[in-house]
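Enquirer: Pasted the sequence and its predicted model underneath.
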Amino acid sequence: MSLYQRTVLPYLIHASMRVETFAAYRRRVVPLAEGRVLEIGIGSGLNLPFYSERATQVIGLDPSPNLLSMAGKAMNGMRRRVELLEGSAERIPLEDKSVNTVVTTWTLCSILDVMLALRELRRVLKADGRLLLIEHGYSPDPHVRRWQDRLTPAWKRIAGGCHLNRPIKHIIEDSGFRFERLGTGYMRGPKAMTFMYEGSARGV
């Protein structure tokens with residue numbers, strides 16, 4: 001991991017993800033989490049205030065110690081049980097079928113082996129567990145997709161491995177999940193970076 005990724009990128013991520021536009025998505029999705037919750041890519045803990053009483057425990061996983069330190073500060077005063085773990089979604093340090101809900105928000109875009117990570121999510125989810133997601137990815141518009149493909153190689157280098165062109169619906173379904181609900185559409189901003197996927201899925 002480069003000096004930029006260790007020391008600068010975490011603060012850029014925290015600043016960029018704090019905007020109110022993202023909060024509107026969080027308000028719709030995060031409160032649906034229940035039971036023992038695993039949040040992959042918890043980052044600086046921006047989702048923590050949105051969990052409802054139905055979430056009895058939140059386990060936050062992230063590869064960045066600097067972001068986890070920010071998340072620790074965000075926990076101050078919270079009554080809910082929160083545990084922070086340093087690590088990758090490609091190798092989740094939890095037992096099989098041990099969580100009720102997995103939450104992923106703007107995270108699948110930057111995982112190196114995203115299919116392995118999704119298989120890990122299925123492994124730790126209970127049989128009746130649910131995946132809740134807010135992600136950005138491939139647009140259905142061919143013109144926008146061409147720009148996403150062109151920009152992704154450079155964007156990955158400055159944005160911590162973030163891919164603009166991941167086909168979120170297909171990779172989730174190909175990893176063995178079935179969508180209960182999926183909403184898509186553009187958020188405000190450049191179209192190459194703002195095609196959103198929002199919904200829930202369960203293992204097949």
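Expert: Cool, got the structure. Numbering: from 1, shown residues only.

Enquirer: Wait, a strand at residue 102?
Expert: Yes - using DSSP: H, G, I helix; E, B strand; the rest coil, the assignment for residue 102 is a strand.

Enquirer: all helices of this structure, in order?
Expert: Counting by DSSP state H, one finds helices in the chain at the ranges 3, 9-16, 20-29, 65-74, 114-124, 142-158, 168-174.

Enquirer: any chance of these in CSV, with distance to residue 101 and mean pLDDT too?
Expert: Glycine gets a C-beta too; all of them are placed from N, C-alpha and C. Shown next, in CSV, are the helices of the chain (distance: least, CB to CB, whole Å; pLDDT from 0 to 100):
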stretch, distance to residue 101, mean pLDDT
helix 3, 36, 70
helix 9-16, 23, 86
helix 20-29, 11, 95
helix 65-74, 18, 92
helix 114-124, 11, 98
helix 142-158, 29, 97
helix 168-174, 15, 98
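
Enquirer: Deepest in the core, which of these is it.
Expert: helix 114-124 (a mean of 19; mean count of other CB atoms under 10 Å).

Enquirer: Verify the stated contact: residue 171 with residue 114.
Expert: Yes - counting by CB atoms under 8 Å, residue 114 is a contact partner of residue 171 at 6.0 Å.

Enquirer: No further queries at this time; thank you.
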